[in-house]
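J.: requesting a structural model of the entry that follows:
(2 chains)
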Amino acid sequence: MDEIDCKIINILQNGFPVCAAPYRQAAAQLGLTEQELIARLKALLDSGALTRFGPLYNAERMGGALTLAAVKAPEDRFDEIAGIINSFPEAAHNYARSHELNMWFVLATETPGQILQTITAIEQQTGLTVYNMPKIKEYFVNLKLEA
Amino acid sequence: MPDATDRKIIEATQGGLPLTPEPYQAIAEQLGLTAEDVMSRLSAMQDKGIIRRIGAVPNHYKLGYRFNGMTVWDIPDDTIDDLGQKVGQLDFVSHCYHRPRHLPEWPYNLFAMVHAKSREDVDNQIRQIAELLGGFNHGCDVLYSTRILKKTGFRRSEKSRAGQPVSDETALNV
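T.: Numbers count the residues shown, from 1 in each chain, chains lettered A, B, ... in the order given. Sure, this is the predicted structure:
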């Protein structure tokens, strides 16, 4: 990654035009040609520096439901518990974290009711209490990772 | 809520925009729509918040941000909206949520994900949040992710057209 790549990442985190030739418009802002910008975006995606380039959708506005939940998995059952939770297709992500609540996962379902059903099923299969922490409110963020 | 045509556009773009000079035209051709229709629907979804933004989504780790901490805070409920908004405005916070406490063991109700290139930077960021919260901070903790156990992203499959959530910013590190 060189300076131009960093500039592309930094500027294009702010947004991308919706017009007939958006790469040309964005490239002009960056002092590049349309073809240069497209080639560099391709390379950044191939190298994994960018995970995606395009619209970022808000799951809840799509009609689905999401929650963050955690369990205290005993060390000697950690892998077993992870296996049970991961076996649910509703479990989108699962992270080990440094805390007594040591397993944190995101459940994504089509309806809010399915969230509670999934939690009940996980509690039954693991014998653990699931700490359900659905968001009450989301605060606007304006993160830009400086490349 | 997106309609059936919006959903087709969502499905066609959840992997990303085509890297061709006229990407919206390319999507339109693929779906049997006009480019104008695709563009006006994308703009409308952006206005409604169905699309958070269009653009580059960097990989934290590849940019050197290897320290991703979930900072959690115990804030009086009657001040949390005001303070949550301020914390969200800090340029190193990627997600900021009010979530329920689980007393007595989990007193924290404000969650802010922070991203830094070193442990020292994270400590610095936590200090900045603590300063901002001042006397309203009744306790805090930071949980580092030590291992990814599962990461699938929110993808709509052919089978679940009814509305399984698609990729969300929270996908990076909730």
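J.: check B:Ala162 and give its pLDDT.
T.: On the pLDDT scale, B:Ala162 is placed at 31.
J.: one more: the one 10 residues further on?
T.: Note for B:Leu172: predicted pLDDT of 32.
J.: what lies in contact with the worst-scoring helix or strand of chain B on mean pLDDT?
T.: Taking mean pLDDT, DSSP states H and E as the measure, chain B has strand B:140-151 as its least confident helix or strand, at a mean of 88. If you take CB atoms under 8 Å, 6 or more residues apart in numbering or on different chains as the criterion, strand B:140-151 is touched by A:82, A:85-86, A:91-99, A:101, A:103-105, B:67-74, B:108, B:122, B:126, B:129-130, B:171, B:173. C-beta coordinates here come from the backbone N, C-alpha and C atoms, glycine included.
J.: write a ChimeraX command that selects only the buried members of the residues you listed.
T.: The buried residues among the contacts of strand B:140-151 can be selected in ChimeraX (16 or more other CB atoms under 10 Å in any protein chain shown) with this line:
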select /A:82,85,91,92,93,94,95,96,97,99,101,103,104,105 /B:67,68,69,70,71,72,73,74,108,122,126,129,171,173
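J.: just the ones of the contacts of strand B:140-151 in strands?
T.: A:91-97, A:103-105, B:67-73 (DSSP state E).
J.: end to end on stretch A:80-96, go ahead and measure it.
T.: 13 Å (CA to CA, to the nearest Å).
J.: please tell me how far that stretch is from the chain's geometric centre.
T.: Offset of stretch A:80-96 from its chain centre (CA atoms, centre = their mean, to the nearest Å): 16 Å.
J.: hmm, it in reach of chain B?
T.: Yes: residues of stretch A:80-96 are located near chain B by CB under 8 Å from any CB of the partner chain, namely A:Ala82, A:Ile85, A:Asn86, A:Ala91, A:Ala92, A:His93, A:Asn94, A:Tyr95, A:Ala96.
J.: excluding its backbone neighbours, what's nearest B:Gln85?
T.: Nearest non-adjacent residue to B:Gln85, counting by CB to CB, 6 or more residues apart in numbering or on different chains: A:Tyr139, 5.1 Å away.
J.: quickly note the distance from the one you found to B:Leu132.
T.: Per CB to CB, to the nearest Å, A:Tyr139 is found 13 Å from B:Leu132.
J.: overlap in contacts, the two.
T.: The contact lists of A:Tyr139 and B:Leu132 share B:Val87, where a contact means CB under 8 Å, 6+ apart.
J.: quick one: buried residues of stretch A:116-135?
T.: A:Leu116, A:Thr118, A:Ile119, A:Ile122, A:Thr126, A:Leu128, A:Val130, A:Tyr131, A:Asn132, A:Met133, A:Pro134, A:Lys135.
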